[in-house]
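Student: Take this sequence and fold it.
(2 chains)
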Amino acid sequence: MSSKTFLGYRRANGSIGVRNHVLIIPSVMCANFVVERIGRALPDVVTVSHPTGCSQVGTDFEQTKRTMAGFAANPNVGAVLVVGLGCETNESKALANEIAARGQRVEVLGIQETGGTTDTIARGIELARGLLAEIAGFERVPCPVSALILGTECGGSDGFSGITANPALGYASDRLVAEGGTVILAEVPELVGAEHLLAERAEPDVAAKLYELIERVEARARAMHVDMRYGNPTQGNIAGGLTTIEEKSLGAAYKGGSSALREVVEYAERPSKSGLVVMDTPGQDIEQMTGMVAGGAQVVVFTTGRGTPTGSPIAPVIKVATNTTMFERMRENMDVNAGAILDGTRTLEEVGDEIFAWIVDAANGRAPAAETLGFNDFAINRIGPSF
Amino acid sequence: MPLALDGNALRLKDDDDVAVALRPLDPGTAVRFPDATIVAAVQIPSGHKIAVRPIAAGALIRKYGQVIGRAVGAIAPGEHVHVHNVEGTRGRGDLAEATR
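Tutor: I've put the predicted structure just below:
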């Protein structure tokens, strides 16, 4: 293992972050308005909103809570303010306790207990100012690249995704794994038809878990009596030349590189092993990104053929274009042009090295396009109905 | 991986049934591979697939050396290979009753 380092934030619980945010998160959608108003008053904090947190049961509620707690405890966050209403399923103090149990600094505020909207906004601004002052003293220190968990994602794929950007990202993934780091490959519906290639590189118990996730996807399609096509691949994927889910998956699986598959984890679950890991997320871009960041990913690389601008509020998301035409048309949203491979101006390895260098640079603080533009996309994957 | 000598298309594995157009191919455009030349029968958009050999109706179709679907009718070399003549073999919940 090499001793390659970057300058990051070493947290009290031992985890290592690449950003130092104060995050304000509502435990329930009824607190979205208050959170948004606190964020408006304090441009230095990061806020998210979502339509979840109440009238949820069972594994669906567990997954929602795990996602919020994991996201808030991501080491890119230095301190958290949870705002709740007071009567929600996802009780704000219990969520704050869960976040604290993961070693994160957290404050909590309830709208009913505080006495209404205006007072809660005022109290929230006060608490968030205090948290900003607390984290202002944290400084970047040398940290090993092996501490990085990379989320990989492809969105708006086209016929070039599996030829240029995804294999180049796979080359970078292999480099990170060689350094002792962790790479998350996700969007399980987009592994249908390519799962055997991953299973070949896994221990039997890990391979069995992967096949179980794939079967869950196809069982859902059977229960609904539908062909996955047009839902996935989408109309845009099809316009870009992708014909079936198998074809899309075979191209998508390249993102993870060629190393052994070490573990399969649930949505928003933190990997317990380094190396290549599969996470059970849908192909829907924002739910996937949120799940990987909630699972501890500090950096995400996102390949796109059609042009997808999305970004996370707390993790740098590096955009890799599959083709030069789109790269030039959406220049402000893109960071790397893997289309150069087809143009013959750069090799796949050269683009892979550029992606790896971008990952380390982003860990050091360099902002990719989605971060500079200020994206804060956030969505939690639901696996059950509201009651 | 075999790139057409004219740079018009890329066949990812030697035994693939299809190649990927690297630029829009007008009808009549020749795509020259070391072992064969095919002629685009119709307009093939960039990033889309062109058949490099005859594919029988019902046959499995390969790209990346792997199965990407099944031909719903016979496909001649030079034809556009896409949703109009290929069906998926996976995620086909619509066939669930028939196979039960």
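
Student: Can you tell me, leaving aside adjacent residues, what's nearest to the residue nearest to the spatial centre of chain A?
Tutor: Ranked by distance to the mean C-alpha position of chain A (Cα atoms, centre = their mean), the top residue is residue A:289 at 2.9 Å. Closest residue to residue A:289 in three dimensions, ignoring its sequence neighbours and counting by Cβ to Cβ, 6 or more residues apart in numbering or on different chains: residue A:312, at 5.5 Å. Where C-beta positions appear, they are placed from N, C-alpha and C, glycine not excepted.

Student: can you pull the contacts of the one you found?
Tutor: By Cβ atoms under 8 Å, 6 or more residues apart in numbering or on different chains, residue A:312 lies in contact with A:289-290, A:293, A:300, A:370, A:375-378.

Student: Out of those, which comes closest to chain B?
Tutor: residue A:289 (22.6 Å; Cβ to the nearest Cβ).

Student: Look up which helix or strand the closest one falls in, please.
Tutor: Taking DSSP states H and E as the criterion, the element that holds residue A:289 is helix A:285-294.

Student: for chain A, what are the nearby residues on chain B?
Tutor: If contact is defined as Cβ under 8 Å from any Cβ of the partner chain, the residues of chain B in contact with chain A are B:7, B:10, B:12, B:20-22, B:45-49, B:63-64, B:66-69, B:81-83, B:86-97.

Student: circling back: the residue nearest to residue A:289: helix or strand, and which one exactly?
Tutor: When the helices and strands are read off by DSSP H and E, none of them contains residue A:312.

Student: Just give the number of residues close to the residue of the stretch 251-387 of chain A found nearest chain B.
Tutor: Distances from the stretch 251-387 of chain A to chain B, computed as Cβ to the nearest Cβ, single out residue A:342 as the nearest residue at 5.9 Å. Residue neighbour count, defined by other Cβ atoms under 10 Å in any protein chain shown, stands at 22 for residue A:342.

Student: Tell me which helix or strand it sits in.
Tutor: Counting by DSSP H and E, residue A:342 is part of helix A:340-343.

Student: what's that helix packed up against?
Tutor: Packing partners of helix A:340-343 (3 or more Cβ pairs under 8 Å, 6 or more residues apart in numbering or on different chains; DSSP states H and E): helix A:324-329, helix A:348-364.

Student: Out of those helices, the one nearest residue A:212 is which?
Tutor: The stretch from the helices and strands packed on helix A:340-343 with the least distance to residue A:212 (Cβ to Cβ) is helix A:348-364; that distance is 30.4 Å.

Student: How far does the closest one sit from its chain's centre?
Tutor: How far helix A:348-364 lies from its chain's middle: 18 Å, per Cα atoms, centre = their mean, to the nearest Å.

Student: coming back round to it: can you list the residues that contact the helix holding residue A:289?
Tutor: By Cβ under 8 Å, 6+ apart, the surrounding residues in contact with helix A:285-294 are A:66-71, A:74, A:76, A:151, A:153, A:155, A:184, A:186-187, A:267-268, A:279, A:281-282, A:300, A:302, A:308, A:310, A:312, A:314-315, A:317, A:377-381.

Student: Also stretch A:130-140?
Tutor: A:7-9, A:20, A:22, A:42, A:44-45, A:78-81, A:105, A:107, A:364-365.

Student: could you flag which of the residues you listed are buried?
Tutor: Among these, those buried by neighbour count (16 or more other Cβ atoms under 10 Å in any protein chain shown) are A:8-9, A:20, A:22, A:42, A:45, A:78-81, A:105, A:107.

Student: Of those, which is the nearest to chain B?
Tutor: Proximity of those to chain B was ranked by Cβ to the nearest Cβ; the top entry is residue A:8 with 36.9 Å.

Student: I'd assumed that closest one was in a strand, is it?
Tutor: Yes. Assessed by DSSP: H, G, I helix; E, B strand; the rest coil, residue A:8 belongs to a strand.

Student: quick one: strands adjacent to the lengthiest strand in chain B?
Tutor: Secondary structure of chain B per DSSP state E: the longest strand is strand B:66-71. In its sheet, strand B:66-71 lies beside strand B:60-63 (antiparallel), strand B:86-87 (antiparallel), with partners assigned from DSSP bridges.

Student: Quick check: which helices or strands does the helix or strand just after it pack against?
Tutor: Sequence-wise, the next helix or strand downstream of strand B:66-71 (DSSP H and E) is strand B:80-81. Helices and strands touching strand B:80-81, by 3+ Cβ pairs under 8 Å, 6+ apart, are strand B:49-51.

Student: got the contact list for the strand it packs on?
Tutor: Applying Cβ under 8 Å, 6+ apart, the external contacts of strand B:49-51 come out as A:159, A:241, A:243, B:9, B:17-21, B:25, B:31, B:38, B:40, B:44, B:63, B:75-82.

Student: Select only the buried ones of these in ChimeraX?
Tutor: To isolate the buried subset of the contacts of strand B:49-51 in ChimeraX, counting by 16+ other Cβ under 10 Å, use the following:
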select /A:159,241,243 /B:9,17,18,19,20,21,25,31,38,40,44,63,75,77,78,79,80,81,82
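
Student: so what's the residue sitting nearest the centre point of chain B bridging to?
Tutor: To find the centre residue of chain B, average its C-alpha atoms and take the closest one (Cα atoms, centre = their mean): that gives residue B:18, at 3.3 Å. Bridge pairing for residue B:18 (DSSP bridges) gives the partners residue B:51.

Student: Does residue B:42 touch residue B:82 like I think?
Tutor: No. Counting by Cβ atoms under 8 Å, residue B:42 does not reach residue B:82; the two are 10.4 Å apart.

Student: Where does pLDDT dip in chain A?
Tutor: With pLDDT under 70 as the threshold, chain A has low-confidence stretches at A:1-2.

Student: Equivalent analysis for chain B, please.
Tutor: B:1-2, B:97-100.

Student: how about the residues of the stretch 251-387 of chain A near chain B?
Tutor: Of all the residues in the stretch 251-387 of chain A, those in contact range of chain B (Cβ under 8 Å from any Cβ) are A:251, A:305, A:323, A:342, A:344.

Student: switch to 6 Å and redo it
Tutor: Counting by Cβ under 6 Å from any Cβ of the partner chain, the residues of the stretch 251-387 of chain A close to chain B are residue A:342.

Student: got a list of contacts for stretch A:255-263?
Tutor: Applying Cβ atoms under 6 Å, 6 or more residues apart in numbering or on different chains, the external contacts of stretch A:255-263 come out as A:152, A:166, A:169-170, A:173-174, A:177, A:185, A:198, A:201-202, A:206, A:271, A:273, A:275-277.
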